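Student: structure of the sequence below:
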Amino acid sequence: MWSGCSSSSASMYGPAGALPSPITRNRLNADLSEYRKGGLVPPFSLRKRADQSWRVEMSSVQDRSPVRMGRAGFVTTGILIAGAFIVLVGLGTWQMKRLAWKEGLLATIDSRIHQPALALSALADKVSSAGSVEFTPVEVSGSFKAGSAVFYLATFGGQSGWYVYQPFTLQPGQWPQEGEDTLLINRGFIPYDRRDDYAEGKGAPTGIISIEGIAREIPAEKPTSLMPDNEPEDGSFFWKDGGAMARALGIETGRIVPLFVDLGRPGEEGMPSTTPRPGVTQVNLPNNHLSYALTWYGLAVVLLGVVAYAFWQSRRTVRNA
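Tutor: Below is the predicted model of the structure:
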């Protein structure tokens, strides 16, 4: 079994820089071959000079690293690299599919939000069959309940403030579920420091009226644990808990229609500039899938570049050995 050559192999045949004889040169070449078969950079090399004579040169310590691995190691490394490449490309492709889905969803919402308003009763079938009514324009008739309101922390137009939620008693026959006769209407946005002015529903129209707005679904649970807890005793809400809002307004939860309605339509011309400011519905669906896809594809390209460079470097090292 070959045992390799020590760093003093060259000195066996003469000092570094000496011009080896043909016999010595043959022995050095044999040792060089043994080193290379073992996957190591030899500690010396033979260089042919301009005058066609030969010179022994010692390799630096940092150059004495493996230049190739065994077959099993090569196969294992290749499998790992191929697996990583497939995963990266797969993640990028998955994000592209998510992008197509998200763009389709946004297009559906944009189309829905600009449709003619439906009667509230027309939404009932969708609600009962677990269909989505989110962002559907709706028209309702009834009256605001005076003397009560709750507030949802929000931002609008770059300003922090509140959405004013006030109960709205429906005219009979608009909602098929018996006993459910009250909607929670988001009247619109007020600046943060104007809250006390609307604590009792100030400025709400009186009497029986018909209003148009955007239907919003009531969340089933707190969106994230990082969100602050609601403070119903103070009428302050940080997530839209319909049941807690109803109780804070002194209304039995069984009477609440399982929808919110945002008064007005977003971007509607002629919308009054008074407060509360209606038409505040915002479609906040993050769509970062393209940047995610480019990131994954970019990492796959970088991986190929690293592999190509490593291969080129190893070939260069072998040629120079």
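Student: and the longest strand that the chain contains, which residues are buried?
Tutor: Among the segments of the chain that qualify as a strand by DSSP state E, the longest is strand 159-170. Buried residues in strand 159-170, counted by 16 or more other CB atoms under 10 Å: 161-168, 170. (Each C-beta comes from the backbone N, C-alpha and C, glycine too.)
Student: need the next SSE after it, C-terminal direction.
Tutor: The helix or strand immediately downstream of strand 159-170 is strand 182-191, counting by DSSP states H and E.
Student: ok, and what's touching the following helix or strand past that following strand?
Tutor: Next along the chain after strand 182-191, taking DSSP H and E as the criterion, comes strand 209-216. Strand 209-216 has contacts (CB atoms under 8 Å, 6 or more residues apart in numbering) with 113, 117, 123, 133-143, 168, 185-186, 240, 259-266, 278, 281.
Student: separation between the nearest residue to T295 once chain neighbours are set aside and Y297?
Tutor: Nearest non-adjacent residue to T295, counting by CB to CB, 6 or more residues apart in numbering: G92, 7.9 Å away. For G92, the distance to Y297 (CB to CB, to the nearest Å) stands at 4 Å.
Student: same deal with Q282?
Tutor: 31 Å.
Student: give me the domain ranges for this protein.
Tutor: 1-66, 136-282 (automatic domain parsing).
Student: just to revisit the earlier point, just the buried ones from the contacts of strand 209-216?
Tutor: By neighbour count, with 16+ other CB under 10 Å, the contacts of strand 209-216 hold 113, 117, 123, 133, 135-143, 168, 185-186, 240, 259-266, 278, 281 as buried.
Student: ok now stretch 181-188, how far from the chain's centre?
Tutor: Averaging C-alpha positions (CA atoms, centre = their mean, to the nearest Å) puts stretch 181-188 33 Å from its chain's average.
Student: one more: stretch 247-259?
Tutor: Using CA atoms, centre = their mean, the offset of stretch 247-259 from its chain centre is 35 Å.
Student: quick one: contacts of it?
Tutor: Contacts of stretch 247-259 (CB under 8 Å, 6+ apart): 120, 123, 127, 133, 145, 148-150, 167, 170, 175, 177, 179-184, 215-218, 232-233, 235, 242-243, 246.
Student: let's see that with 7 Å instead.
Tutor: Stretch 247-259 has contacts (CB atoms under 7 Å, 6 or more residues apart in numbering) with 127, 133, 148, 150, 167, 175, 179-184, 215-218, 232, 235, 242-243, 246.
Student: what mean pLDDT does it get?
Tutor: Mean pLDDT, stretch 247-259: 91.
Student: quick check: buried residues in it?
Tutor: Here stretch 247-259 shows 248-249, 251, 256-257, 259 as buried, counting by 16+ other CB under 10 Å.
Student: between those residues, which sits nearest L99?
Tutor: Among the buried residues of stretch 247-259, L259 lies closest to L99 (CB to CB), at 30.2 Å.
Student: now name the helix or strand holding the closest one.
Tutor: Element membership for L259, per DSSP H and E: strand 256-263.
Student: now stretch 109-122: mean pLDDT?
Tutor: Rounded mean pLDDT across stretch 109-122 is 90.
Student: ugh, wrong one, I meant stretch 303-321
Tutor: 79.
Student: this protein: strands as residue ranges?
Tutor: Under DSSP E, the chain gives strands at 44-48, 54-58, 118-119, 136-144, 150-156, 159-170, 182-191, 209-216, 236-237, 256-263.
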